[in-house]
Every structure is written in C-alpha cells, then in structure tokens.
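Trainee: Give me a 3D structure for the following:
(chains A and B)
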Amino acid sequence: MALTDEKVKTAESNPTVSINFEVNGVRHALVIEPRETLLEVLRNRLGLMGTKLSCDVQVCGVCTVLLDGMPVSACTVLAYEARGREVLTIEGLAQGEELHPIQEAFIEGRGFQCGFCTPGMILATKALLAENPDPSIDDIKGYMKGNLCRCTGYRTILDSIQIASRRLRQERP
Amino acid sequence: MQPFEIHDVPSVQDASNLLSEYGDNARLYAGGTELLLVMKSGILHYDHLINIKTVPGLNAIQYGEADHELKIGALTTHRQLERSEVVQRWLPLLAQVEREIANVRVRNVGTIGGNMCFAEPHSDPATLFLALGAQFKLASATMERTLSVDEFLVDAYEPALQPDELLTEIRVPLPGASTHGGYQRFQFHERPTVSVAVLLTLDDAHEGIKEVIVTVGCVNSKPFRATEAEALLGGKSVEEAQIASDKAGKAAAEMADPSDDLNGSSAYKKQLVAILVQRAFLQAYTRFD
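Mentor: Below you'll find the predicted structure:
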C-alpha cells in the first residue's frame, strides 16, 4: 500500500483498463491497472495530494473523497469504480482564492489543529449538509463518527460544522 | 495489491460460468469493503475479480405483498437499507441496525450480500436476520436453492456457497402487528463486540408472551438462537418475564463461547451478552403501545 513511484509504472504484462472520469470538474482519460485504488490514482497520477493515506482500512476517514456526492474511503475503493463518475477532492472546493463556506467555517470554528484529518472532515461535512442541511448535534455525531481527529477533541469540529450549516442555509434559504 | 483482472458480467449466469472457469483463482467482487482489505494486506490474492455490480436488478428493495416479506437484492448497499422508505415503513428495526454499521463511507459501498458471504462473525445484520427467519436465495448457472441463515452460515468466514454459486436475494418475513423487536449492540472497534436481537410477540391484551426469539451474535463463530433464554421467557406474563429477563440473559451468556481478544475477555463478553439480552427484551417490550 506504500505510495511508491513503482506503483505508478505499469508493467507491460499487468492487466490495464481505460477509464474516463471527472475530478473536481476536470475530465480525465487514463489507462490504469484494476488494482490501483482511487487514492493512488488521485495522488500518484493526478498529483492531488490533499487526499491523505492514514489507516488504509476505511476506519479513520482521512482519505474521504466524494464519489457522485457520496463519501467513500479512497484507500479501499478501486479507481476503476470512478469510471463515468464525478470525484470531488478537497482541491475542488475553493473557487480560486475564495474558500468554500465550509472551509471558512472550519477556520472560524477552529475545527483543526495539525490539519491531517481536515480534508476528510470537510468533504464528509459537505455530503452531510447536502443530505441534511440543518442537522442536530446527534445527526452530526452519527454521520461523522467515522472521521477521526487526534488533535481537537472534536468540540471545535462540531462547532465548525454547525457554523457551516448556518452559513450554507443563509446562502441558499 | 498484486495485479488482477476485473470482469464486468451482465448476468448471474455469466458470473457463475466465470467462477467455474477460473475456480480458486477468481472471486466475486461487489462493494469490495472486505475483499479489497484482505487483498491489500496480502492475505489473499485472486487473478480475477468478477464484478457483479453490472448485473441488473440485484440491488432492489421490494415489499412482497403475497408473502408479507421484504425482498432485498444481494447488491443492496447498507446505506440503501438505512434510507429506504420501504424498509423504514415495513421493518424499521433493520434500518436502525443498518444505521450503526461501520461508518457512512463503508455503508455507501458495502453490500448486504457481501456482508453475509464474508461470514465475518461480527455482523450486525446476520444476528437480526437469524431472529427474523430470513431466507437466502442462491443461484448458479444450473440451479437455484434457498437456505436459512443457520444453513447459509456454516462457520466463521465460511458460507454454504458452492464454487459456482452466488447469493442473489435475502427474503425477510415481516413480523405481524403483535410482534416488536429490539436490537442491542456494544462496540469498541469498527465491528460490534456483542450483538443481541429479540423478537417479542404478545397476546392481544399485551399481558402475556406468546413467543420470544433471542439471537446472539459476534461471540460464537456464527450467530445463534439463545433457546435457553427463550424457554425462560416464553409463556410467561409480561410482569413475570421482566423479572425472568435477568435469568434469561445469564442463560444466553452460558450458551455463548467467546474467546479472549481485543474486544475483551471471554468473561467480559458473557457479561455483555447477559445485559444486552435484558435490554433488548425491554426495548422490544417498550415498543408496544
């Protein structure tokens, strides 16, 4: 699972497959090996380093990306599954220099310290608020229980998500 | 991961034929939430993954009026079950159980059929399906058959599937109006440590117990009916049964044979079984008006 350069090279004898998919609104046509995870393709082939590898077993939520709007663990989803679909990573949220309201809310609520879990936290929050614009604290805890943070103690993350919820509802009443 | 090939198949028959052709060198691939973990860790390797998500019609949830049952396609994801209006209307207990499984990312991808076929002993839905008397429909290129949960789950990680066979559908008979269920779980890690389901049927006056089913999961190699606990509760008045639920919990714990592991010691897990049986019984009872 190590993200070595070796994995990017496709030995001629290994099976390959062509996929078309969209990442952060940009279309890509790639020849990949079926064994490549979405995380490996995002980082090693597309250079999108915002998606981090941590537990590698779908427990921690650090590698969360949205596949057709749905949070998935990029560490354990094959890139093959993204064919014909849309992937959103943390790099796709800001519009140029302008941060997404959820990113601003995490700054205002001090919802991060080291920042390693933050891309996953913010993307999971985006999916939560798309599904449930005004979640209760229990709704937030239930949805976010699979995103772990070892710094904040979670209080400021809960605050940030509530701030984000208010902002997005004000924007789209 | 070692290199492998993926085969998208259009039908159950094609999947079955490929399983026959490649034998031990192939595996069915649906959500991949279990399979890819063991392949990434190098525990298992297959040269061919047979992607059955391309088979149409295997991810539907339907209410079958004729037999008053839920028909759940094997490729239905946990998230579908959690959010399905059909499930919420006809079997809210299943939606309750599904909502607690792993995390939202796993539930978005993982399928109910994959969960059953992996036959991991720490499965929430398996414990509930056993209590509900669910039936598993299996199919291959040449035959179809139906097994009970107990028949399907042979042992830990060992489903009763022939080499060329697929699980296609889970049929869940729906409890009647005088039956309510309870479900309790306790969890340290990403899988439950102990899970208990209770189905309680009361008489018309809601004073006496007509039938009670107690199932316990995660502690043995597969979920089991705690018949000793059922015997202590069945036929009693509701008041007597509430007093007897302490003994029933302990009787269920005696039937459990848990091992010491990261989830706790054997004695600790038995204590959890005893308590959770009591709580699940009470939860089922409080769901009566």
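Trainee: Tell me, how many residues neighbour A:Arg169?
Mentor: 12 (other C-beta atoms under 10 Å in any protein chain shown). Glycine gets a C-beta too; all of them are placed from N, C-alpha and C.
Trainee: Could you check which helix or strand contains it?
Mentor: Using DSSP states H and E, A:Arg169 maps to helix A:155-171.
Trainee: what about that helix and chain B, any contact?
Mentor: No: Helix A:155-171 is not in contact with chain B by C-beta under 8 Å from any C-beta of the partner chain; minimum separation 13.9 Å.
Trainee: tell me which strands and helices that helix is in contact with?
Mentor: helix A:101-108, helix A:118-131, helix A:137-144 (3 or more C-beta pairs under 8 Å, 6 or more residues apart in numbering or on different chains; DSSP states H and E).
Trainee: Taking chain A, what residue is nearest to chain B?
Mentor: Proximity of chain A to chain B (C-beta to the nearest C-beta) peaks at A:Gly146, 2.3 Å away.
Trainee: What number of residues are in the vicinity of A:Arg27?
Mentor: So A:Arg27, with other C-beta under 10 Å, has 9 neighbours.
Trainee: Give the other helices and strands that the helix or strand that contains it contacts.
Mentor: Using DSSP H and E, A:Arg27 sits in strand A:26-32. Contacts defined by 3+ C-beta pairs under 8 Å, 6+ apart place strand A:26-32 against strand A:17-23.
Trainee: quick revisit: and the angle from the helix holding A:Arg169 to helix A:101-108?
Mentor: 140 degrees (axes from the mean of the first three to the mean of the last three C-alpha atoms, to 10 degrees).
Trainee: which residues sit against helix A:155-171?
Mentor: A:101-102, A:104-106, A:108-112, A:121, A:125, A:128-129, A:133-135, A:137, A:140-141, A:144, A:149 (C-beta atoms under 8 Å, 6 or more residues apart in numbering or on different chains).
Trainee: Buried among those? Need that as a selection in ChimeraX.
Mentor: Selection of buried members from the contacts of helix A:155-171 for ChimeraX, criterion 16 or more other C-beta atoms under 10 Å in any protein chain shown:
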select /A:101,102,104,105,106,109,111,112,121,125,128,129,135,140,144,149
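Trainee: Next, name the residue at the spatial heart of the chain.
Mentor: Using chain A here. A:Val65 (2.5 Å; C-alpha atoms, centre = their mean).
Trainee: Can you look at chain B instead?
Mentor: Note: chain B centre (C-alpha atoms, centre = their mean) maps to B:Ala126, 1.6 Å.
Trainee: same for the strand or helix carrying it, what does it pack against?
Mentor: Remark: B:Ala126 resides in helix B:124-132, with elements defined by DSSP H and E. The contact analysis (3+ C-beta pairs under 8 Å, 6+ apart) places helix B:124-132 against helix B:92-99, helix B:112-118, helix B:149-152, strand B:166-173, strand B:179-187, strand B:192-202, strand B:209-217.
Trainee: How about the residues of the stretch 101-250 of chain B by chain A?
Mentor: B:102-106, B:108-109, B:190.
Trainee: and which of the residues you listed is nearest to chain A?
Mentor: B:Asn103 (2.3 Å).
Trainee: List the contacts of that closest one.
Mentor: A:58-59, A:61, A:145-147, B:190.
Trainee: now those residues: which count as buried?
Mentor: A:58-59, A:61, A:146-147, B:190.
Trainee: Out of these, which two sit at the greatest distance?
Mentor: A:Asn147 and B:Glu190 (13.0 Å; C-beta to C-beta).
Trainee: re earlier: and the contacts of the strand holding A:Arg27?
Mentor: A:10, A:16-22, A:41, A:45-46, A:79-80.
Trainee: Flag every buried residue along that strand.
Mentor: For strand A:26-32, by 16+ other C-beta under 10 Å, it's A:30, A:32.
Trainee: try stretch B:175-183
Mentor: Quick answer for stretch B:175-183 (16+ other C-beta under 10 Å): B:175, B:179-183.
Trainee: Among these, which pair sits farthest apart?
Mentor: B:Thr179 and B:Tyr183 (13.7 Å).
Trainee: what is the mean pLDDT for stretch B:25-36?
Mentor: Stretch B:25-36 comes out with an average pLDDT of 97.
Trainee: starting at the chain centroid, how far to that stretch?
Mentor: Centroid separation for stretch B:25-36 versus its chain: 18 Å, with C-alpha atoms, centre = their mean, to the nearest Å.
Trainee: does stretch B:253-262 come close to chain A?
Mentor: No: using C-beta under 8 Å from any C-beta, stretch B:253-262 stays clear of chain A, with a minimum separation of 13.4 Å.
Trainee: Tabulate the CA atom coordinates of that stretch in CSV.
Mentor: Only the C-alpha atoms of stretch B:253-262 are listed here, as CSV (Å, rounded to 0.1, in the frame of the first residue of the first chain):
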residue,chain,number,x,y,z
ALA,B,253,-24.5,-15.9,28.2
GLU,B,254,-24.0,-19.6,29.2
MET,B,255,-24.7,-20.6,25.6
ALA,B,256,-22.0,-18.2,24.4
ASP,B,257,-18.5,-19.3,23.9
PRO,B,258,-16.5,-16.2,23.2
SER,B,259,-12.7,-16.0,23.0
ASP,B,260,-10.4,-13.5,24.7
ASP,B,261,-9.4,-10.9,22.1
LEU,B,262,-9.0,-7.2,21.5
